[in-house]
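1. 3D model of this:
(one chain, ligands or ions: 1)
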Amino acid sequence: MSTKPAPIGIFDSGYGGLTVFRDIRAKLPQYDYIYLGDNARAPYGPRDFDTIYHYTVECVRHLFDMGCQLVVLACNTASAKALRTIQQQDLPKIAPDRRVLGVIRPTTEIVGDFSKTKHVGVLATRGTVVSQSYVIEIEKFFPEIKVFQQACPMWVPLVENNEHESEGADYFVKKYLGELLAQSSQIDTVVLGCTHYPLLEKKIKQYLPPSVLLLSQGEIVAKSLSEYLHRHPEIEDVCSKGGSVEYYTTESAEDFDRKAAIFLGHELRSNHLALST
Ligand code: DGL
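-> Alright, predicted model coming up:
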């Protein structure tokens, strides 16, 4: 039985995944996409493993129900806490021919190419930090690198509430960067290990020493997805090509339209997705 080509699913706990989606769409404009933000339950960062896994798998199933054959978890927290279980336990049972990819692997594969001091900082949610995913993955590719992690629990709420350009944001940007840099004076590369954080990039750059390179994931993930599709023609064949985008949110569609338009720089019309739990 042949599979009907369908849009690529992009998932995040909220708006953050839009920073990755923007770059994916710029690099791969020919495909159709469905973006799903679980805004009703964001932030995921402070939640426990089981909760993040259940929320993520539920959203992935919704994207599968909409036909998606390939889903990108454009969320570090979901990639850290749920991706492996979905790939190893759920997919073989519920959808053996479909694929779910994350954002941590593409980032850790290349981070060592940027650091000269071999001291790398990772800014992420508490969930991602506690999972140690960045430490474990970077160790696989670049065992000589020392990773220093800093959880930034206030940053996602600032972004989700559209306060990322406020004075309050300055306080929390300075605070977490200070705590990261206090761990090592040799950090020369800092990874924005949460897809919400590029919205704070201007302020982060303002408070980071100019010699420190700030890496955000959008272009890295877009390039990695493009290479993946090239290596896997059987998946590429089932990604439909019409250049369309549909947006879904588990919160109010009007709210999503207003805030997502600020992030993307253009108007859009989203749909509300009702959760069963
Ligand atoms: N954007 C997400 C990430 O990359 C999750 C933020 C959250 O919901 O806490 O980690």
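2. Around the ligand, pick out the residues from the stretch 101-250 of the chain.
-> The interface of the stretch 101-250 of the chain toward the ligand, taken as Cβ under 6 Å from any ligand atom, is made up of 125, 128, 156, 194-196. In this view, the C-beta of every residue, glycine as well, is placed from N, C-alpha and C.
3. pLDDT, secondary structure and distance to residue 86 added to those, as TSV?
-> What follows is these, written out as TSV (pLDDT from 0 to 100; DSSP: H, G, I helix; E, B strand; the rest coil; distance: Cβ to Cβ, whole Å):
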residue	pLDDT	secondary structure	distance to residue 86
125	95	coil	18
128	96	helix	16
156	93	helix	22
194	96	coil	19
195	95	coil	18
196	93	coil	21
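4. Neighbour-wise, which one of the residues you listed leads?
-> For these, the largest number of neighbours (other Cβ atoms under 10 Å) sits with residue 194, at 33 neighbours.
5. how near is it to residue 51?
-> When Cβ to Cβ, to the nearest Å is applied, the distance between residue 194 and residue 51 equals 17 Å.
6. now swap in residue 224 and tell me
-> Going from residue 224 to residue 51 by Cβ to Cβ gives 28 Å.
7. what about the two, which has more around it?
-> When neighbours are counted by other Cβ under 10 Å, residue 224 and residue 51 differ, and residue 224 comes out ahead with 20 against 15.
8. For the closest residue to that one other than its chain neighbours, give me its contacts.
-> Leaving aside its sequence neighbours, residue 224 sits nearest to residue 106 (Cβ to Cβ, 6 or more residues apart in numbering; 3.5 Å). If you count contacts by Cβ atoms under 8 Å, 6 or more residues apart in numbering, residue 106 has them with 217, 220-221, 223-225.
9. For these, pick the one with the most neighbours.
-> For the contacts of residue 106, neighbours tallied by other Cβ under 10 Å; top is residue 221, 28 neighbours.
10. didn't that one look like it was pressed against residue 26?
-> No. Here residue 221 lies out of contact with residue 26, judged by Cβ atoms under 8 Å, at a distance of 11.8 Å.
11. Span of stretch 129-143 from start to end?
-> Distance between the two ends of stretch 129-143: 18 Å, counting by Cα to Cα, to the nearest Å.
12. Could you list the buried residues of that stretch?
-> Under the neighbour-count criterion of 16 or more other Cβ atoms under 10 Å, stretch 129-143 has 129-131, 133-135, 137-138, 142 buried.
13. Closest one to residue 91 out of those residues, please.
-> Sorting those by distance to residue 91 puts residue 133 at the head of the list, at 19.0 Å, by Cβ to Cβ.
14. That closest one and the ligand, how far apart?
-> Summarising the geometry, the distance separating residue 133 from the ligand, computed by Cβ to the nearest ligand atom, to the nearest Å, is 11 Å.
15. what's the answer for residue 36, then?
-> With distances taken as Cβ to the nearest ligand atom, residue 36 is found 13 Å from the ligand.
16. what packs against the helix or strand encompassing that residue?
-> Assigned by DSSP states H and E, residue 36 belongs to strand 33-37. For strand 33-37, the contact count by 3 or more Cβ pairs under 8 Å, 6 or more residues apart in numbering; DSSP states H and E identifies strand 8-12, helix 17-27, helix 49-65, strand 245-249 as packing neighbours.
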